[in-house]
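J.: generate coordinates for the sequence data below:
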Amino acid sequence: MARRRKHVEEGGEEGPSAERWLLTYSDMITLLMVLFIVLFALGQTNILKFNAFKESFHAIEQAQATAPKGGPGVLSDPSAIALSQQNFFAALNAAYANSVSGQQTSGAKAPGDQPTGGLQSGLQVSGTMAPGAAQAARAAERLALLRAEQAMLSALAKQGLANEVQFTNNAQGLVLTILTDKILFPTDSAVLQPEGQAIINAIAPVLAALPNQIDVEGDTDNVPVTGGPYGSNWALSAARAVAVVQDLIKEHGFNPLRLQATGFGDTRPVVPNNTPQHRAENRRVEVVVFSTTVQAP
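T.: Predicted structure coming up:
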């Protein structure tokens, strides 16, 4: 007892004041608890977004399951492309319409709103489609275009023309490049050659089965046109594009509303026009199969 009294008299602490370190400790524990709660909250998955993402992949699996089988991915019946793809996109459009209908006020419509319907209006990625649905649309269409490319390559190979057409996939969609020099058209002419007609006959059935918009684009070299009915490279390139479009309509039954023809003259060289070989590469016709998930020009 005397020792304790001496300790107090010398300035020592006793009672609650001796345990003030517990306050600092409890504050630290509280801060750590708050930190872990915040980290836990940030790490939580948005269930609605996750379910939409999961459903998008489920839709892709269904589209692949209903696609025709056989061979190394080459479709023996191109018309099946349209059937499977249109069924998939129709289901996707319906799901999209249902998802946005709940977000709109009943009976209220903003000025300038257009009714959602049809392949183009429902699938254009304009910031209003759910991210999962847009991703599913892109993936399914890319698969369809790849299979269409294989089908066209197979048809061209049977005619011995596989090397005459180059295929490119880009942001626009699928691009078929056909050199016009002595293949599609004679020099300074827009009359289809027999070999060019054979190329169109090979690719047309596959293109007809797809629902996409198509632009036929004509390009020339920079050598001025001399003689003939076309006074410039602009007129020649446009006439060649129109000739291909008219053939698709008259000989293969294409809907004219799906097609457009564009002449670019010598404004889009793929290589410099400095050698005869380069100029031959610039004389071409490109068939652009626009993606339905982007706005076609």
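J.: find me the pLDDT at Ile37, would you?
T.: Ile37 carries a pLDDT value of 87.
J.: check Thr267 too.
T.: According to the prediction, Thr267 has pLDDT 95.
J.: mean confidence (pLDDT) on stretch 181-193, please.
T.: Mean per-residue pLDDT for stretch 181-193: 86.
J.: restrict it to CA atoms and write it as PDB.
T.: In PDB, the C-alpha atoms belonging to stretch 181-193 read as follows (Å, rounded to 0.1, in the frame of the first residue of the first chain):
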ATOM      1  CA  ASP A 181      -8.100  -5.800-114.600                       C
ATOM      2  CA  LYS A 182      -8.900  -8.500-117.200                       C
ATOM      3  CA  ILE A 183     -11.100 -10.300-114.700                       C
ATOM      4  CA  LEU A 184     -14.300  -8.300-114.100                       C
ATOM      5  CA  PHE A 185     -14.000  -5.800-116.900                       C
ATOM      6  CA  PRO A 186     -12.000  -5.000-120.000                       C
ATOM      7  CA  THR A 187      -9.900  -1.800-120.100                       C
ATOM      8  CA  ASP A 188     -12.000   1.400-119.900                       C
ATOM      9  CA  SER A 189     -15.200  -0.700-120.000                       C
ATOM     10  CA  ALA A 190     -18.000  -1.600-117.500                       C
ATOM     11  CA  VAL A 191     -19.200  -4.700-119.300                       C
ATOM     12  CA  LEU A 192     -18.700  -7.800-117.200                       C
ATOM     13  CA  GLN A 193     -16.200 -10.400-118.500                       C
END
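J.: what's the end-to-end length of stretch 159-179?
T.: From its first residue to its last, stretch 159-179 covers 17 Å (CA to CA, to the nearest Å).
J.: give me the buried positions along it.
T.: Buried residues in stretch 159-179, counted by 16 or more other CB atoms under 10 Å: 161, 164-165, 167, 173-179. No exception for glycine: its C-beta is placed from N, CA and C like everyone else's.
J.: among these, which are in strands?
T.: Residues of the buried residues of stretch 159-179 located in strands (DSSP state E): 165, 167, 173-179.
J.: remind me which residues of the protein are low pLDDT?
T.: Residue ranges of the chain with pLDDT under 70: 1-18, 44-131, 294-297.
J.: all helices for it, in order.
T.: For the chain, the helices defined by DSSP state H occupy 2-9, 21-42, 47-66, 79-101, 119-123, 131-158, 194-209, 233-252, 276-282.
J.: and Ala198, what does it touch?
T.: Residues near Ala198 by CB atoms under 8 Å, 6 or more residues apart in numbering: 159, 161.
J.: any idea which of the buried residues of stretch 159-179 is closest to Pro211?
T.: Of all the buried residues of stretch 159-179, Gly173 has the smallest distance to Pro211: 11.8 Å, by CB to CB.
J.: the closest residue to Val271 other than its chain neighbours and Val287, how far apart?
T.: Spatial nearest neighbour of Val271, chain neighbours left out: His278 (4.4 Å); criterion: CB to CB, 6 or more residues apart in numbering. In this view, His278 and Val287 are 22 Å apart by CB to CB, to the nearest Å.
J.: okay, the two: which has more neighbours?
T.: The residue with more neighbours, out of His278 and Val287, is Val287; 26 against 14, by other CB atoms under 10 Å.
J.: please determine how far that one is located from Gly253.
T.: For Val287 relative to Gly253 (CB to CB), the value is 17 Å.
J.: do Ala155 as well
T.: 17 Å.
J.: what about these two, which has more around it?
T.: Neighbour count, other CB under 10 Å: between Ala155 and Gly253, Ala155 has more, with 20 against 9.
J.: look at the nearest residue to that one once chain neighbours are set aside and say how many residues are nearby.
T.: Spatial nearest neighbour of Ala155, excluding adjacent residues (CB to CB, 6+ apart): Ala202 at 4.1 Å. By other CB under 10 Å, the residues close to Ala202 number 22.
J.: contacts only, for Ala202.
T.: Counted by CB under 8 Å, 6+ apart, Ala202 has contacts 152, 155-156, 158-159, 161.
J.: perfect, I'm done here.
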